[in-house]
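Asks: Give me coordinates for this.
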Amino acid sequence: MKKWYERIPHPVAMLFGIIIFATLLSHFLPAGIFDREMINGRMRVIPNSYKLIEQTPIGFLDMFKSLSGGFKSASDVIFIVFAGGIMFGILEKSKMIENTVGSLIKNLGVEKKYEIVTIMTFVFGLLGVFVGYENNIALVPIAAVLSLAIGGDLILAAGIAVGGITIGFGLSPFNPYTVGIGHQIAEMPMFSGAILRSILCFIGLSILAYYNIRYLKKINKNPNASLGQGLDSKGMGLTKDIQSYSMTLNNWIVLGVFIAGLGIMLFGIFKYEWLLKEISSIFIMIAIVAGIVSRMSTQEISETTLKSISVVAPGAFMVGYATTIKVILESGNISDTIAFELSNFLATLPIYASAFLMSISQCVMNLFIPSGSGQALATLPIMIPVGDLVGLTRQSTILAFQIGDGVTNIINPTLGGLIAMLSMCRVPFDRWLRYIVPLAFLILVIAWGFLIFSVAIGWGADI
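Replies: Below you'll find the model as predicted:
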């Protein structure tokens with residue numbers, strides 16, 4: 001009898017199945033829309049404005065035409081995948097990353113590999129908390145080099161980097177795209193309730209660190225237990241004995257270029273609210289300067305660029321492919337219908353059941369609207385009045401949304417950023433699911449416990 005993970009279809013087939021399902025829904029669900037208004041530069045739903053419109057079912061040809069629309073809609077994310085891949089390729093070619101990681105492991109000692117896993121899990125988690133999600137795509141391969149250097153595999157690398165960034169971002173008490181927008185819509189103090197959210201985020205990252213360490217111990221004891229067997233790690237592993245590593249002057253210069261570039265990127269994000277286009281530009285600049293100071297010829301830089309693109313191209317394709325689902329739902333005008341029907345159902349339930357199922361409904365919506373800010377703007381103007389109606393505090397309603405959106409990000413096949421990060425680690429989505437599903441379920445259960453606790457104490461009722 002096949003195990004559950006052996007039944008997981010290939011991501012291409014899985015997403016195509018969801019595309020077909022979304023297309024069929026456009027034929028069976030009534031088309032409807034909420035009115036929207038521009039507030040602080042963002043379009044958001046006006047509660048109680050839902051109305052039915054003429055049915056707009058997606059035809060057979062239109063379903064396939066939506067593929068190009070998906071790639072167009074996701075162009076910024078697709079390009080940052082290419083830009084990050086190019087930057088890492090040039091940095092890897094310069095030997096800076098290998099020598100930096102090798103020297104780090106040499107100085108710390110391989111025997112401290114479990115401490116290294118814990119520290120790096122929290123480092124990537126904090127990047128998710130404070131920097132964002134897609135902004136960190138280019139840093140993911142560093143975890144791959146580090147993981148292979150301490151006896152891990154690419155799956156562990158994904159657990160450290162992709163898991164850390166996703167959980168940190170999803171449960172961040174300071175997430176401007178989910179908590180921030182939620183507090184704006186609810187007219188509450190920005191990032192209020194940070195203590196409870198910080199505790200939940202810390203617990204989530206701690207469990208992930210333990211989970212990663214347990215996996216490393218498992219594959220060190222039995223290499224055949226590795227889920228990363230057969231994955232291409234060429235160019236990511238260390239090529240010589242740990243004790244022979246040292247940093248050259250040129251390595252330090254390239255590292256300085258890399259750190260300076262990241263510093264400029266962070267300054268732009270926090271000072272000027274830079275988005276993916278600006279960040280991609282910084283990645284390309286870092287790649288060009290790093291290539292020049294490494295004394296690479298134009299031929300070497302060009303060949304490395306094309307080779308790097310070929311490595312991340314599958315992930316970039318999956319980003320646009322997954323975004324097709326969003327395009328179909330919008331063209332079929334059924335996204336608002338789904339949100340409207342869910343809110344009507346939740347309004348009939350007792351307070352604890354409503355809070356729990358509100359979070360579950362956000363898990364479902366996350367499959368169709370994987371953007372945190374997009375989902376917040378589409379559903380919270382509806383869910384907040386529903387929460388008021390059943391007696392939920394607005395703080396608990398936003399927490400229910402954050403849990404449903406944030407935790408399920410880690411297993412969401414339609415989330416372009418997740419697929420892109422996994423591609424940077426060269427980890428197929430089905431292998432990732434085999435690794436992360438038990439952890440995702442555990443964190444969901446703990447998070448729901450926090451949600452029930454918040455309802456019990458009337459969290460935020462005095463705000």
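Asks: For the rest of this, base every contact and every neighbour count on C-alpha atoms.
Replies: OK.
Asks: ok, and what's touching stretch 218-238?
Replies: Taking contacts as Cα atoms under 8 Å, 6 or more residues apart in numbering, the residues outside stretch 218-238 that touch it are 92, 98, 102, 141, 144-145, 148-149, 151-155, 426-427, 431, 435.
Asks: Now that stretch: buried residues?
Replies: Applying a neighbour-count criterion of 16 or more other Cα atoms under 10 Å, the buried positions in stretch 218-238 are I219, P223, S226, L227, G228, S233, M236, G237, L238.
Asks: Between the two ends of that stretch, how far is it?
Replies: With Cα to Cα, to the nearest Å as the measure, the first residue of stretch 218-238 is 21 Å from its last.
Asks: and what of stretch 326-345?
Replies: Distances were taken as Cα to Cα; on that basis the terminal residues of stretch 326-345 are 23 Å apart.
Asks: How many residues are close by V364?
Replies: Neighbourhood size, V364 [other Cα atoms under 10 Å]: 16.
Asks: worst-scoring helix or strand of this protein, pLDDT-wise?
Replies: Least confident element among the helices and strands of the chain, by mean pLDDT, DSSP states H and E: strand 42-45 (a mean of 78).
Asks: Please name the strands paired to that one in the sheet, noting orientation.
Replies: The strands that strand 42-45 pairs with in its sheet are strand 36-39 (antiparallel) (by DSSP bridges).
Asks: per-residue confidence averaged over the strand it pairs with?
Replies: What strand 36-39 shows for mean pLDDT is 82.
Asks: Just list what the longest helix anywhere in the chain packs against, helices and strands only.
Replies: With DSSP state H setting the assignment, residue counts place helix 298-332 as the longest helix in the chain. Applying 3 or more Cα pairs under 8 Å, 6 or more residues apart in numbering; DSSP states H and E, we find helix 298-332 packed against helix 11-28, helix 60-73, helix 75-93, helix 351-368, helix 416-424.
Asks: what does the shortest one rub up against?
Replies: If I follow you right, that is helix 416-424. Under Cα under 8 Å, 6+ apart, the answer for helix 416-424 is 74, 77, 81, 85, 133-134, 137-138, 140-141, 158, 162, 166, 312, 314-316, 318-320, 322-323, 409-410, 412-413, 428-429.
Asks: and it with helix 75-93, angle?
Replies: Using axes from the mean of the first three to the mean of the last three Cα atoms, to 10 degrees, one finds that helix 416-424 and helix 75-93 are set 20 degrees apart in direction.
Asks: between helix 416-424 and helix 298-332, how many degrees?
Replies: For helix 416-424 and helix 298-332, the angle between their directions (the same axes, to 10 degrees) works out to 150 degrees.
Asks: and the next element down the chain from helix 416-424?
Replies: Using DSSP states H and E, the helix or strand that follows helix 416-424 towards the C-terminus is helix 429-456.
Asks: Quick check: buried residues in that following helix?
Replies: 429-433, 435-436, 439-440, 443-444, 447-448, 450-452, 454-455.
Asks: mind checking how far that helix is from the chain centre?
Replies: 15 Å (Cα atoms, centre = their mean, to the nearest Å).
Asks: likewise stretch 113-124?
Replies: Here stretch 113-124 is found 19 Å from its chain centre; the criterion is Cα atoms, centre = their mean.
Asks: now do stretch 194-210
Replies: Taking Cα atoms, centre = their mean, one finds the center of stretch 194-210 at 17 Å from the center of the full chain.
Asks: tell me the mean pLDDT over that stretch?
Replies: Model confidence over stretch 194-210, given as mean pLDDT, is 97.
Asks: Need the contact partners of it.
Replies: With contacts defined as Cα under 8 Å, 6+ apart, stretch 194-210 is touched by 117-118, 121-122, 125, 159-160, 163-164, 167-168, 171-174, 439, 443, 447, 450.
Asks: Let me know the closest of the buried residues of stretch 218-238 to T393.
Replies: L227 (43.0 Å; Cα to Cα).
Asks: Provide the secondary structure category for that closest one.
Replies: In the three-state summary, L227 is assigned as coil, counting by DSSP: H, G, I helix; E, B strand; the rest coil.
Asks: What score does it have for pLDDT?
Replies: The per-residue pLDDT reported for L227 equals 94.
Asks: Same question for F401.
Replies: Model confidence at F401, expressed as pLDDT, equals 95.
Asks: burial measure for it, as a count.
Replies: F401 is flanked by 29 other residues according to other Cα under 10 Å.
Asks: just the angle between the strand or helix carrying it and helix 351-368, please?
Replies: Under the criterion of DSSP H and E, F401 resides in helix 394-406. Calculated by the same axes, to 10 degrees, helix 394-406 forms an angle of 40 degrees with helix 351-368.
Asks: Extract the C-alpha set from helix 394-406 and format it as PDB.
Replies: Included here for helix 394-406 are C-alpha records, laid out as PDB according to Å, rounded to 0.1, in the frame of the first residue of the first chain:
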ATOM      1  CA  ARG A 394     -10.800  42.300  16.300                       C
ATOM      2  CA  GLN A 395      -7.400  41.300  17.500                       C
ATOM      3  CA  SER A 396      -8.600  37.600  17.500                       C
ATOM      4  CA  THR A 397     -10.100  38.000  14.100                       C
ATOM      5  CA  ILE A 398      -6.800  39.300  12.700                       C
ATOM      6  CA  LEU A 399      -4.900  36.500  14.500                       C
ATOM      7  CA  ALA A 400      -7.300  33.900  12.900                       C
ATOM      8  CA  PHE A 401      -6.500  35.400   9.500                       C
ATOM      9  CA  GLN A 402      -2.700  35.500  10.200                       C
ATOM     10  CA  ILE A 403      -2.600  31.900  11.300                       C
ATOM     11  CA  GLY A 404      -4.600  30.700   8.300                       C
ATOM     12  CA  ASP A 405      -2.500  32.700   5.800                       C
ATOM     13  CA  GLY A 406       0.900  32.500   7.500                       C
END
